[in-house]
Structure formats: C-alpha cells, structure tokens
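> Sharing a model that was predicted from the sequence below.
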Amino acid sequence: MKVTVVGTGYVGLVTGACLSEMGNHVLCLDVDPEKIRVLKEGGIPIYEPGLLEMVQRNAAAGRLEFTTDIEQAVAHGTIQFIAVGTPPDEDGSADLKYVLAAARNIGRLMTDFKVVVDKSTVPVGTGDKVKAAVQDELDKRGLKLDFAVASNPEFLKEGAAVADFMRPDRVVVGAEDERAILLMRALYAPFVRNHDRMMLMDIRSAEFTKYAANAMLATRISFMNELALVAEKLGADIELVRQGIGSDPRIGFHFLYAGCGYGGSCFPKDVKALIKTAADAGQPLQLLQSVEEVNDRQKLVLVDKIVKRYGADLSGKTFAVWGLAFKPNTDDMREAPSRVIIEELVRRGAKLQAYDPVAAHEAQRVLEDVSGLSFAESGPAALEGADALVIVTEWKEFRTPDFDALRNSLRDKTVFDGRNLYEPALMKTLGLEYHAIGRA
Ligand SMILES: NC(=O)c1ccc[n+]([C@@H]2O[C@H](COP(=O)([O-])OP(=O)(O)OC[C@H]3O[C@@H](n4cnc5c(N)ncnc54)[C@H](O)[C@@H]3O)[C@@H](O)[C@H]2O)c1
Ligand SMILES: O=c1ccn([C@@H]2O[C@H](COP(=O)(O)OP(=O)(O)O[C@H]3O[C@H](CO)[C@@H](O)[C@H](O)[C@H]3O)[C@@H](O)[C@H]2O)c(=O)[nH]1
C-alpha cells in the first residue's frame, strides 16, 4: 500500500520504517530540512536500537523515501499518518498547531480519497478538529472530495520502539468510515497475524485510551515512589516490597520501579494534558494531580539525600553523574530527571563530571548554559577526582562496574543511586557508602 507519514521524529520514523518493512511504499515528510538531509544520506537523526538498519534496508529497496515536499507527500499515500509533536501549551493542554497544520496541508493539496490517521497523542475531540480542518481547506478550493479521519494512538516505548511497533500488545484504531476500517485492518494485519490484537472503537475512545494508558503507568510509578519514601522511614526495603506485590498477577511486575522520577516526552506532558482536559470538562482528576506533584518532588530526592550528607552548600564538592537520558537506550533528554538534578546541584555550588553512553551530545545541547558541568568519555573517567557518584539512568554498563576501582576513585567512597542498581549489603561489604531509593 502507499502510505505517507508526516513527521520523522521518534514515532513517525519508526512507523514509516516498520510499515515499509512489511512491503508498503512509504514516503516520510518533515518540515525540518536537516532531518530529511540526514535520512536521505542514509543516516537517522535519533538514536533508537535497530532503527538505522531497518531504515537503510528499506530505503535501499526503494520502499522508504523521504521528502520536504508537502505536495509530493500528500499526493503519495492513500493513508496519511500524522505523527508530529503535540507539546504542552502554557496551560498544560496539548498544543495542536502542528497536527492541524498537517491536516490543513492535506486538505489544501489532496486530489483523491485519503484516510487521515492521527498517530500523535491528542486530546479527545481532536478527530473532529482534524476533520474540520481538512474540510475547510476543501471548501476553500470549492472541491467535493471524499476523505475519512481515524485515530491510531501509538504505544511504543523509546529504546524499544522498533520491537514494540513490530510486535504490538494491541493496535487501537478509532474509525467510523468503512473504507478507513478496511484499509487500517489490511495495513496492520501483518503485525497482528498470529492473533488479532487490533481493537476497533470510536475515535474519542481511541484518543482517550492513549491518555488513560500513560496516566495509569505514571500513577504506578508515583505510587511506588511515594511508598519508597515511607519505606525509608520505616526501615523496609522497597525492592523486596516491589517483588512481593508484583508477583500478584492482578498487580504484575511492570512499572513498579521506584527511582528518581519519570521523565521523557510523554508521561509528563500527557499527565498534564489529561489533568487539563478533565478540569475543562468539569471533572477534575485529583489522583492524577497528585501523581504529577509526587513526580516533581521525586526528581529532587537524590539532591535531598546529597544535601543531608554534605549540607546545603555544595561548593568545593565534585560529583560524578552516570546517565543523562530520561531512560536507557535513548538519546532523548526531554524532561529527563538528570536536568533537574544537575541544575539543582550546580545551583548549590557543586562541580559535576557527567557521562552518558549515547545522550552526551544531546545533553551538551540542552545543558549548554549550565556552568560547572563537564562531560567525561566513560563511566570510570567521570569518577576521577570526584567525591561521590550520582546514578541517574540505569544503562546496562552501570549495572556491574568494577566496584574496587569505583571505591578507589571516589574521595568519599559514596554512591547516590537513583535507580537502585546495587545490593546495599554488597556495597557495605565493599566499603562503599550507599544511598538508594526506598532502601534502608
Ligand atoms: N516519543 C515517543 O515515545 C512517543 C510514543 C507514543 C506517542 N508519541 C506521540 O507522538 C507524537 C510525536 O512524538 P515524537 O516524539 O515522534 O515527536 P518528535 O518531536 O520527535 O517529532 C515530530 C516531528 O514532526 C515534525 N513536524 C512538525 N510539524 C510538521 C508538519 N506540519 N509537517 C511535517 N513534519 C512536521 C518535526 O519537525 C519533528 O521532526 C506526539 O504527539 C507524542 O506525544 C510519542
Ligand atoms: O518502573 C518504572 C518504569 C519507568 N520509569 C520511568 O518512566 C519514564 C518513562 O519510561 P517508559 O515508559 O519506559 O518510556 P517512554 O518512551 O516515555 O514510553 C511511555 O510513553 C510513550 C509515549 O506516550 C508510550 O507510547 C509508552 O507506552 C510509555 O511507556 C522513564 O523516565 C523511566 O525511567 C520508572 O521510574 N519506573
């Protein structure tokens, strides 16, 4: 099938690549000429495991192409995916300007039947706005052309995006038009072949499902983070508690890790947007407001521990920081807890030597104004001359370091671990002072 994907970010590029992998002829459009230049030259503008190889393979086969030419993009696909950003507006609501601009472009240039599929995360009711935007542009041209609008929220996780798209837990499609439903079924059939996991619903329910999923996952994390604070006070170990409750299948093990807060381009903004949508609808979400507040506070929990150990004034202290990306296996720094932690430590006068296996370049870009922060070439290099280590992101290479070297490098032989990577008893045996989350 011929498919156009508007937006070549984390979602758009993965969608385009995975659809081309199944034989579709995909044209990806972006307004950012730099991204398209990189893609045309055989690279990818983001880090995502397995994506480069898939893009190169399908581009070489002629099934995956890239353009900045809107006219060409609209002409190409019967199915037009919109996968552009929906960043938070000042009041927390999702800013729809990119989605609606993409919809208008389609209405302005289409000459035959199109299914306009919204893949961006958008508030309930956006499907109607997309439909109105396309129709308005057609009316301006005095054209009577048939089109359908569908919602197809994306549930992939960064760092595992290709695997998530290729083997989805479910594919949610909100659509009412028969042709749109048939085309979406055909498009996704290869991804849900062994048992059908496509869930067809109305557009509003599909839009709401996306926010409900992220809100539920964020709630689990804030719940565990709050319990971790209590566990510390009571002398209990949140890691043992996690295993104790996760083994109940009604609860399950996923997304129960206490840490230094959730970040990324989705949970923070989607929680905010849902809170705003609900308040506007006259049904405020008290629980979710607390989820957000708990997370904001949790991003500073490591700083609190450092201040308790060293005092409020950290001038003269140097900390190694391991991990900057908001989670492992990505270069994404959006809403990363590391940004809050770094800014607060530097504000208190500390010097920082940071290392991240992949996100260092992006971190340098977003933290360029932060003085007292330098970047090291490796985990061990970041430790040199530091008083203590602060672990923010749980990259695999941090899981079993050379503990003796770690102890010998750190002046105070102290580790502040925001991801609970090590056993407290082992650290004690090794002569390391260890401060973790929710572990006495
Ligand atoms: N990142 C994720 O893990 C993830 C997962 C599921 C859903 N989502 C949702 O998907 C959407 C996209 O997220 P993302 O992380 O891929 O964003 P992104 O910022 O990485 O990419 C968006 C891209 O759209 C391009 N763009 C903007 N306006 C355009 C236009 N009119 N025409 C063509 N291109 C345009 C931008 O230049 C950019 O390259 C958001 O709504 C997000 O909430 C993201
Ligand atoms: O037990 C856990 C699990 C995650 N996190 C943190 O939560 C954040 C988000 O992690 P994750 O959900 O793995 O990454 P995202 O790529 O942001 O994916 C989420 O957001 C996407 C965008 O909406 C959705 O598509 C995905 O289903 C949803 O998991 C990260 O900061 C993690 O460190 C925890 O603190 N504890």
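Perfect, I can see it now. Ligands and ions are numbered 1, 2, ... in the order given.
> Contact partners for the residue nearest to E158 when sequence neighbours are not counted?
Excluding the flanking residues, the one nearest E158 by C-beta to C-beta, 6 or more residues apart in numbering is T330, at 4.4 Å. (Glycine included, C-beta is placed from N, CA and C.) Neighbouring residues of T330 by C-beta atoms under 8 Å, 6 or more residues apart in numbering: Y47, E48, E158, G159, V358, A359.
> On the three-state scheme, the fourth one is what?
This means G159. Per DSSP: H, G, I helix; E, B strand; the rest coil, the secondary structure class of G159 is coil.
> go on, G282?
Secondary structure of G282, per three-state DSSP, is coil.
> likewise V415?
Under three-state DSSP, V415 comes out as strand.
> What pLDDT does the model give it?
At V415, the pLDDT value in this model is 98.
> rewinding a little: Throw the contacts of T330 into CSV and include neighbour count and distance to ligand 2, thanks.
Shown next, in CSV, are those (neighbours: other C-beta atoms under 10 Å; distance: C-beta to the nearest ligand atom, whole Å):
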residue, neighbour count, distance to ligand 2
Y47, 20, 13
E48, 23, 10
E158, 25, 4
G159, 22, 7
V358, 19, 14
A359, 27, 12
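> What parts of the stretch 201-350 of the chain come near ligand 1?
Neighbours of ligand 1 within the stretch 201-350 of the chain, by C-beta under 6 Å from any ligand atom: S265, C266.
> ranges for the helices of the stretch 201-350 of the chain?
Under the criterion DSSP state H, counting those that start in this stretch, the stretch 201-350 of the chain carries helices at the ranges 203-234, 238-246, 267-280, 286-298, 301-310, 337-347.
> now the residue in the stretch 301-440 of the chain positioned nearest to ligand 1: how far from I70?
In the stretch 301-440 of the chain, no residue comes nearer to ligand 1 than D332, which is 7.2 Å away by C-beta to the nearest ligand atom. The spacing between D332 and I70, counted by C-beta to C-beta, to the nearest Å, is 27 Å.
> Compare these two (neighbour count), which wins?
Shown here are D332 and I70; by other C-beta atoms under 10 Å, D332 has more neighbours (24 against 18).
> so who does that one touch?
D332 touches Y10, I46, E158, G264, S265, A325, F326, A359, E362, counting by C-beta under 8 Å, 6+ apart.
> before we move on, the earlier item: output the helices of the stretch 201-350 of the chain as a markdown table; include the columns mean pLDDT, mean neighbour count and distance to D128.
Below are the helices of the stretch 201-350 of the chain laid out as a markdown table (pLDDT from 0 to 100; neighbours: other C-beta atoms under 10 Å; distance: least, C-beta to C-beta, whole Å):
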| stretch | mean pLDDT | mean neighbour count | distance to D128 |
| --- | --- | --- | --- |
| helix 203-234 | 98 | 19 | 8 |
| helix 238-246 | 98 | 16 | 40 |
| helix 267-280 | 97 | 21 | 14 |
| helix 286-298 | 98 | 17 | 24 |
| helix 301-310 | 98 | 19 | 42 |
| helix 337-347 | 98 | 21 | 36 |
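> what would these look like in JSON lines with distance to ligand 2?
Formatted as JSON lines, the helices of the stretch 201-350 of the chain follow (distance: least, C-beta to the nearest ligand atom, whole Å):
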{"stretch": "helix 203-234", "distance to ligand 2": "4"}
{"stretch": "helix 238-246", "distance to ligand 2": "9"}
{"stretch": "helix 267-280", "distance to ligand 2": "5"}
{"stretch": "helix 286-298", "distance to ligand 2": "8"}
{"stretch": "helix 301-310", "distance to ligand 2": "12"}
{"stretch": "helix 337-347", "distance to ligand 2": "7"}
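> Next, format the ones you listed as JSON lines and append distance to D139.
Formatted as JSON lines, these follow (distance: least, C-beta to C-beta, whole Å):
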{"stretch": "helix 203-234", "distance to D139": "21"}
{"stretch": "helix 238-246", "distance to D139": "54"}
{"stretch": "helix 267-280", "distance to D139": "28"}
{"stretch": "helix 286-298", "distance to D139": "39"}
{"stretch": "helix 301-310", "distance to D139": "54"}
{"stretch": "helix 337-347", "distance to D139": "45"}
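> quick revisit: now restrict the contacts of D332 to buried residues only.
Among the contacts of D332, those scoring as buried are Y10, I46, E158, G264, S265, A325, F326, A359, E362 (criterion: 16 or more other C-beta atoms under 10 Å).
> Could you pull up the contacting residues of L389?
Counted by C-beta under 8 Å, 6+ apart, L389 has contacts F319, A320, V321, W322, A382, L383, L406, L410, T414, V415, F416.
> any idea which element it lies in?
strand 388-391 (DSSP states H and E).
> Any residue of that strand touching ligand 2?
No - Strand 388-391 lies out of reach of ligand 2 by C-beta under 6 Å from any ligand atom, never closer than 12.1 Å.
> Note down every partner strand of that strand and its orientation.
strand 318-322 (parallel), strand 414-417 (parallel) (DSSP bridges).
> Stretch 182-198 spans what distance, first to last residue?
12 Å (C-alpha to C-alpha, to the nearest Å).
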